[in-house]
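Novice: Can you look at this prediction? I've put the sequence above it.
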Amino acid sequence: MLLSLLGIVTTGVAFTCTPVAVWDGDGPIWCAEGPKIRLHGIAAREVKRVRGGIVDGGCKPGHPCSAISGVVARDRLVALLGGARGSLPTGHIRVTAPAMRCISYGSGKGTRTAAACSLPGLGDLSCALVRANVVLRWRSYGGDEVCR
């Protein structure tokens, strides 16, 4: 796997991600192998950490804005990845899922890799979330390619 200094997988590279933690419905998904994935082509409402716990956040300007709460979207992603196995001090939900095959689309902002990932027995993870109606396609980031 080719990584930048920020831990971003080089565009076009196929890689393995064994999910260990999730923040919200479109990522990041932390991989045991190192990368942090932002799922390509979809958008979910934000999940915010505030004093006293986790709350639903809004949508950032210019982002698609689902009517479904960020916590509901996150919990659906967690369920697809085998269910919650506790939480980390950061607020991330711990998961134990089989290794996924991913293709990098480059930077997903910050230290995240934008990626399309397939889970054994399920297929494309972004498509599964779109079919569950908990995220929206994001056309500006390849959303028209998602779930064709």
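Specialist: Looks like it came in fine.

Novice: count of residues packed around S126?
Specialist: For S126, the neighbour count with other CB atoms under 10 Å is 25. For glycine as for every other residue, the C-beta is placed from the backbone atoms N, C-alpha and C.

Novice: Quick check on it: phi, psi?
Specialist: phi -60, psi -40 (degrees, to the nearest 10).

Novice: Now do the contacts for it.
Specialist: Going by CB atoms under 8 Å, 6 or more residues apart in numbering, S126 touches 39-42, 116-117, 135, 146-147.

Novice: would you turn these into CSV with secondary structure, distance to T11 and pLDDT?
Specialist: Converted to CSV, the contacts of S126 look like this (DSSP: H, G, I helix; E, B strand; the rest coil; distance: CB to CB, whole Å; pLDDT from 0 to 100):
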residue, secondary structure, distance to T11, pLDDT
L39, strand, 16, 95
H40, coil, 11, 93
G41, coil, 14, 90
I42, strand, 18, 93
A116, strand, 12, 95
C117, strand, 15, 96
V135, coil, 22, 93
V146, coil, 17, 55
C147, coil, 21, 70
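
Novice: out of those, who's nearest E33?
Specialist: C117 (12.3 Å; CB to CB).

Novice: so that closest one sits right up against A99, yeah?
Specialist: No - counting by CB atoms under 8 Å, C117 sits too far from A99 to count as a contact (10.0 Å).
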